[in-house]
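>>> Sequence first, predicted coordinates after that:
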Amino acid sequence: MAPDRPAPGTRLLFRWRKWDASPHWHHDCVYLGSDEWGDWFGQPAGWTSSRPGRDFVATAPNVTLLPPSGDYALTVNAPPRRVRIYIDIAWDGRWEAGVPTAVDMDLDVVKAIDERGIWIDDRDEWDEHRVQYGYPLDIVATLEALAVELEQKVTASVPPFDDATSDAWLRRLAELVPDDAA
């Protein structure tokens, strides 16, 4: 465990913001630990995520990976959710004063377990916000390439985008926060 990380099982908020520093999603979660891919967080069913004007209650457990690069957050949902993988393309993902935080950069890579398959989502929001917020052109190019790369990795099911890696962390979440404690 890194010296600046909380103990596994510690409850915290994962705080997202937009490019202009305005608040975005806040996820009530628990720190699970880290592995070669980065830091993992879990959210049991019944816990909440909120942003200005919207609240969401998790209907199934999920785990989120924040890699050391800080350029995405991989969330994997347990059944019965029909979206297995949801990757938020990010900027400046890091720990700040003991709290995980990142800038949401609009683009997402999604894997549904139905006929929708795998795709890059929210291109319309990306196009709108890169003008509205004035994303630097080098960041635009970097993150567009990253979205394509992540889509390929999800399609190939390479770790940590495979079921075995995330399922191990979903089991860890169940150990740390049993259903009756959520």
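In hand now; what should we look at? Residues are numbered from 1 along each chain as shown.

>>> Let me know the helix or strand that Trp126 is in.
Assessed by DSSP states H and E, Trp126 sits inside helix 123-132.

>>> Tell me the gap between that helix and the middle of its chain.
The chain centre lies 20 Å from the centre of helix 123-132; the measure is Cα atoms, centre = their mean, to the nearest Å.

>>> Okay, helices next: where are they in the chain?
123-132, 137-156, 163-176 (DSSP state H).

>>> quick one, what contacts Ile120?
Contacts for Ile120 (Cβ atoms under 8 Å, 6 or more residues apart in numbering) come out as 107-110, 147-148, 151. Just so you know, the C-beta spots here come from the backbone N, C-alpha and C atoms, and that holds for glycine as well.

>>> what's the answer for Pro52, then?
Contacts of Pro52 by Cβ under 8 Å, 6+ apart are Pro23.

>>> what does Gly98 give?
Counting by Cβ under 8 Å, 6+ apart, Gly98 touches 4, 6, 12.

>>> Just the buried residues from those, in ChimeraX please.
For the buried members of the contacts of Gly98, the matching ChimeraX selection, counting by 16 or more other Cβ atoms under 10 Å, is:
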select :6
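
>>> quick one: least confident of the contacts of Gly98?
pLDDT is lowest at Asp4 among the contacts of Gly98; the value there is 82.

>>> so it makes contact with Ala97?
No - between Asp4 and Ala97 there is no contact under Cβ atoms under 8 Å: 9.7 Å.

>>> what's the overlap in contacts for the two?
Joint contacts of Asp4 and Ala97 (Cβ under 8 Å, 6+ apart) do not exist.

>>> quick one on the thing from earlier: mind putting the contacts of Gly98 into a markdown table with distance to Tyr31?
Below are the contacts of Gly98 laid out as a markdown table (distance: Cβ to Cβ, whole Å):
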| residue | distance to Tyr31 |
| --- | --- |
| Asp4 | 12 |
| Pro6 | 5 |
| Leu12 | 6 |
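
>>> Among the contacts of Gly98, which lie within strands?
Among the contacts of Gly98, DSSP state E puts Leu12 in strands.

>>> Check the contacts of Gly98 against Thr142 and report the nearest one.
Asp4 (26.4 Å; Cβ to Cβ).

>>> and the closest one, how far is that from Ser34?
11 Å (Cβ to Cβ, to the nearest Å).
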